[in-house]
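Asks: Sequence and predicted structure below; questions after.
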Amino acid sequence: MQIGILETGHAPDALRPELGDYSDLFERLLDGHGFSFRRYDVEAMAFPGGAEECDGWLVTGSRHGAYEDHPFIAPLEELIRVIHAKRMPLVGVCFGHQIIAQALGGRVEKFARGWSIGRQPYDFEGREIALNAWHQDQVTTLPEGARIVASNDFCAHAALAWGDHVFTVQPHPEFDARFIEGLATTRAIGVVPQEQIDHALAHLEKPVDADLLADRMARVLKRAA
């Protein structure tokens, strides 16, 4: 089955040659689940012809805010609403998590308590798991029909689901330790408080539960099979 990756941004230029773009990270994360992939650079306004062009959809992370005025935001929200209305499989990560919530009636804001970066624990339906985070924005008001799947003390709406066809997550299961290290030493300097950068770098070797999230994402996407 074919999954359309809606690219809402790209990995930093300094990291891309060695570690790949965001779509590469997702393809590696979901390797072995029987998917083929088609990429759409929606940030550059390259949209699919319709929701049926792929069997399921994945919305990536981005340096943009969902609430910002960019040309691709409104058509992406409309596509999300169509996919949801047709009950097609849809997964979103970080910005993808936020834009799906916003498109379906929720609210996204720059969080007053600042950033979350690096390895973080989450209560995932009663089970503690760890994932790599990299965000300042959050979903602050739930959309109608969404249920909370994961949270922690910093991020109340860390993962959401609508029925069994939409699943979104704020942290990044596709980011491994090398990618977090790359972000911490390039994009974070002068933006994220140094103590948070130091903490993220100090916990690079601790395990994360990316495989559990890959399995959850794959189960949602395979509803089309």
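Replies: The structure has been received and is ready for your questions. Numbers count the residues shown, from 1 in each chain.

Asks: What about A161, how many residues nearby?
Replies: 19 (other CB atoms under 10 Å). To be clear about C-beta, it is placed using only N, CA and C from the backbone, and glycine gets the same treatment.

Asks: Who are the contact partners of the spatially most central residue of the chain?
Replies: Taking CA atoms, centre = their mean, the centroid of the chain lies closest to V93, which sits 1.1 Å from it. V93 makes contacts with 26, 58-61, 168-169, 172-174, as judged by CB atoms under 8 Å, 6 or more residues apart in numbering.

Asks: Kindly recompute the last result at 10 Å.
Replies: The contact partners of V93, by CB atoms under 10 Å, 6 or more residues apart in numbering, come to 22, 25-26, 29, 58-61, 100, 159, 167-175, 213, 217.

Asks: Also G32?
Replies: Contacts of G32 were listed using CB under 10 Å, 6+ apart, and they are 214, 218.

Asks: re the thing from before, can you flag which of the contacts of V93 belong to helices?
Replies: Using DSSP state H, the members of the contacts of V93 that fall in helices are 22, 25-26, 29, 100, 213, 217.

Asks: quick one, strands of the chain?
Replies: With DSSP state E applied, the chain shows strands at 2-6, 36-40, 56-59, 90-93, 107-110, 116-124, 127-135, 137-141, 147-151, 159-162, 166-169, listed in chain order.

Asks: Can you name every helix or strand that the third one contacts?
Replies: In terms of contacts (3 or more CB pairs under 10 Å, 6 or more residues apart in numbering; DSSP states H and E), strand 56-59 is packed against strand 2-6, helix 22-29, helix 73-85, strand 90-93, helix 95-103, helix 210-221.

Asks: Return the list of helices and strands in contact with the first one.
Replies: The contact analysis (3+ CB pairs under 10 Å, 6+ apart) places strand 2-6 against helix 22-29, strand 36-40, strand 56-59, helix 73-85, strand 90-93, helix 95-103, helix 210-221.

Asks: CSV for these, including mean pLDDT?
Replies: CSV is the format used below for the helices and strands packed on strand 2-6 (pLDDT from 0 to 100):
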stretch, mean pLDDT
helix 22-29, 98
strand 36-40, 98
strand 56-59, 98
helix 73-85, 98
strand 90-93, 98
helix 95-103, 98
helix 210-221, 97
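
Asks: Which one of the ones you listed lies nearest to I129?
Replies: Taking CB to CB as the measure, these were each checked against I129, and helix 210-221 came out nearest at 6.0 Å.

Asks: Buried by neighbour count: which residues of that closest one qualify?
Replies: Neighbour-count burial for helix 210-221, counted by 16 or more other CB atoms under 10 Å, picks out 210, 213-214, 216-218, 220-221.

Asks: now swap in stretch 125-135 and tell me
Replies: By neighbour count on 16+ other CB under 10 Å, the buried set for stretch 125-135 is 129-135.

Asks: right, and P171 touches G96 too?
Replies: No: P171 lies out of contact with G96 (CB atoms under 10 Å); the separation is 11.8 Å.

Asks: Nothing else from me, thank you.
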